[in-house]
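Need a 3D model of the sequence below.
(one chain, ligands or ions: 1)
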Amino acid sequence: MPPDIHRPALLREHNFIAQQWRVAASGRVYTVSDPATGLDFAEVPDSGADDARAAVDAAHAAFPGWRARTARERAQFLKRWHALIIAHQEELGRLISREQGKPQHEGRGEVLYAASYVEWFAEEATRTYGDLIPEPVRGKKLMVVKEPVGVVAAITPWNFPAAMIARKIAPALAAGCTVVAKPAEDTPLTSLALVRLAEEAGIPHGVLNIVTASRANAPAVVDVWLADPRVRKITFTGSTAVGKHLARESAGTLKKLSLELGGNAPFIVFDDADLDAAVEGLMASKFRNGGQTCVCPNRVYVQDGVHDAFVGKLVARVAALRVGPASEPDSQIGPMINARAIEKIERHVADAVANGARVVTGGTRLRDSQRDGPHYYAPTVLVGAQAAMECSCEETFGPVVPVTRFHDEADVVREANATPFGLASYFYSRDIARVWRVADQLECGIVGINEGALAAESAPFGGVKESGYGREGSRYGLDDYMHTKYLCQGQL
Ligand code: NAP
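Model (predicted):
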C-alpha cells in the first residue's frame, strides 16, 4: 500500500550518497510501517558500515568545494530548497502523518516549521561575521574569522521527521559544512523526500548524503562516523542515553558536539494565574504530537488555591480530544509511534496508580472499529502524582498529564529543578515579581512564561544539564557549525 502522496518522485526508498540513489552495499532492506495500523508500507536500505563510510568519503571530497563557495551562493541553494519544501507542503505533510502518525494539520504544520529553519539559515549564511580586535601593540592586526568545521554527521529521532533533520542540515550547509545524515528507523521517508528536494534544488555532488538503517544497525552506521577523524562534528537529537554514548565515543577524535536530548518539563500553575490561559497553554504544549515532544510538560504542579478548578477545566478539555488516525481530518491525537512507546505509557500509569495517584480521565489503551491499530492511548489526567513516581522521573512521551498539588513557591521551584534534565519549563503567574524570580531560578534552556508554544526558528532551542548542549535555530545556531580562527598579522 503506497503512502498517500501525489508525487511518487518524493517517495524515495534508497540511500543518497555521492549524488546517487543507492541500495545498501549489503542489499539488505527493512520495512517502514504505518503506526495507525501497524502495517508495513515501504522498504528502505538497512545500511551498514560500508554505506556509512561511502557517505563520509563523498562528504569529505565535497567539503573543499562547498566551503569555497560564497555565503551568498550557499544561501541561494537553501532558498531554492526552502521554496521546494513549501511547494510540497501537502505531500510532505501527508508523508509525515503516514510514517509518524501525527494528525494531518500537525504534519502540514511541521513542514512549515522545518522550512522556517531552512529560510532562516539561508539568511544567516550571509551574516557569519568576523571581528577586528584593537591591537595591543603597534604594528600588528588582530582578526577573527569564522570557518566551517568540516563534515557533519546528523542523527535524528522520529518525532519530528522533517523539522529535526532540517534544523541540522540547514545550518550545516549555510556554514559551509558537508553532511552525512541518518534518520530514525521509524521515519526515514520524510528525510529522504527532503533530500530529494535538495537534489532538485541543485545541491552539489557529495555535499548532502543520507543513509537509512534499522534500529539493530544504527550503531554499525554511527560507530563508523564516531571513529572517523574526517567527521568533525556530531549533531544529535534523541535520548539522553544515546547522547552520552555519542559523547563518550566521539572523544577519541575530539569532535564538536551538539546534543539535543531528553527533557522532563515542569508546568507550574500559581494561584494568581489566568486559569483559562494556563489550561490553553497546557493543552497546546502537552498534546502536540500526542505528547511525543521533548518539550512536552511531563510534570504539572498546581497551587492549592486553584488546584480543583484547574483540574476541572483541564479534564473537560482532555476528555473531549478526538483520538484517531491521520486519515481522519478531525483527529487531534494520533497513534503512538510503536509498541515500545505505548508499553512505556502503560507502565508509567500503572506505577502512578499503584503508588496512590488517581485516574480522572483516560488511563487505558483504545481499540475499536475507528482505531483499529494497536498504538492508541486515551488522553489521560492523573491527580495525586508524586516525585518518586516513574511518570515524574522520566519522560512519559505520551498523552498523560500527571498533576501534583503544591503549596509554596520555593518548594515547587525546588521540586521542578529536582531532575537531571533541563530542557523546557513553563509557568503561569500574573505577579510580575514572581515572574522574574521563578524564571531566574528554573534550571533549563527554555522557559515558557504564560505561554505554551515556544519553538521558533529565530529563538535558541536547547537544554542544560542532561538535556544536552548546543543551540539550534536563532543567531546562535550557526556557531555550533563553525570554528573561530584568530589571525595575527605583524610587520605593519
Ligand atoms: P533515540 O533512541 O536516542 O534515537 C535517536 C536517534 O539515535 C535515532 O536515529 C536512533 O536510531 C539513533 N540511535 C539509537 N541508538 C543508537 C546507538 N546506539 N548508536 C547510534 N545511534 C543510535 O531517541 P528516540 O526515542 O528516537 O527519540 C526520543 C527522544 O528524543 C526523547 O528523549 C526526546 O526528548 C528526544 N528529543 C529531544 C529533542 C530536543 O531538541 N532536545 C527533540 C526531539 C526529541 P533508531 O531510530 O534506528 O533507533
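
Residue 107 is in contact with residue 329, isn't it?
No: taking Cβ atoms under 8 Å as the definition, residue 107 is not a contact partner of residue 329, at 11.3 Å. Just so you know, the C-beta spots here come from the backbone N, C-alpha and C atoms, and that holds for glycine as well.

Between these two, tell me which one has more neighbours.
residue 107 (27 against 9; other Cβ atoms under 10 Å).

Could you count how many residues lie near residue 41?
Neighbour tally, residue 41, other Cβ under 10 Å: 17.

Next one: it from residue 99, what distance?
Separation of residue 41 from residue 99 (Cβ to Cβ, to the nearest Å) stands at 8 Å.

Residue 411 now?
Distance of residue 411 to residue 99, given as Cβ to Cβ: 43 Å.

So between the two, which is more surrounded?
residue 99 (27 against 11).

what sits against that one?
When contacts are counted by Cβ atoms under 8 Å, 6 or more residues apart in numbering, residue 99 touches 3, 32, 34-35, 42, 161, 186-190.

Next one: it, what pLDDT does it get?
What the model reports as pLDDT for residue 99 is 96.

Tell me if it really is in a helix.
Yes: assignment of residue 99 by DSSP: H, G, I helix; E, B strand; the rest coil places it within a helix.

what's the spacing between it and the ligand?
12 Å (Cβ to the nearest ligand atom, to the nearest Å).

Contact partners for residue 164?
By Cβ under 8 Å, 6+ apart, the residues touching residue 164 are 156-157, 237.

For residue 486, which non-adjacent residue is spatially closest?
Distance criterion Cβ to Cβ, 6 or more residues apart in numbering; nearest residue to residue 486, sequence neighbours excluded, is residue 144 at 5.7 Å.

Who does the one you found form a beta bridge with?
Counting by DSSP bridges, residue 144 is bridged to residue 131, residue 486.

hang on, residue 276 packs against residue 314?
No: here residue 276 lies out of contact with residue 314, judged by Cβ under 8 Å, at a distance of 10.7 Å.

If you count surrounding residues, which of the two has more?
With neighbours defined as other Cβ under 10 Å, residue 276 and residue 314 compare such that residue 314 has more, 25 against 10.

Report how many residues lie close to residue 171.
28.

got the residues of the stretch 151-300 of the chain near the ligand?
Within the stretch 151-300 of the chain, the positions near the ligand by Cβ under 6 Å from any ligand atom are 155-159, 182, 184-185, 215, 218-219, 222, 237-239, 242, 245, 260-263, 294.

Among the residues you listed, name the buried ones.
155-159, 182, 184-185, 218, 222, 237-238, 242, 245, 260-263, 294 (16 or more other Cβ atoms under 10 Å).

in this structure, which residue is closest to the centre?
Geometric centre of the chain, nearest residue: residue 164, 4.6 Å, by Cα atoms, centre = their mean.

For the nearest residue to residue 61 once chain neighbours are set aside, which residues are in contact?
On the basis of Cβ to Cβ, 6+ apart, the spatially nearest residue to residue 61 that is not a chain neighbour turns out to be residue 206, at 5.5 Å. Residue 206 is in contact with 18-19, 58-59, 61-62, 178, counting by Cβ under 8 Å, 6+ apart.

Check residue 206 and give its pLDDT.
Looking at residue 206, the pLDDT reads 98.

before we move on, what about residue 327?
pLDDT at residue 327 comes out at 89.

Equivalent analysis for residue 6, please.
Reported pLDDT for residue 6: 57.

one step back: and the residue nearest to residue 61, that's in a strand?
No: counting by three-state DSSP, residue 206 is not part of a strand but coil.
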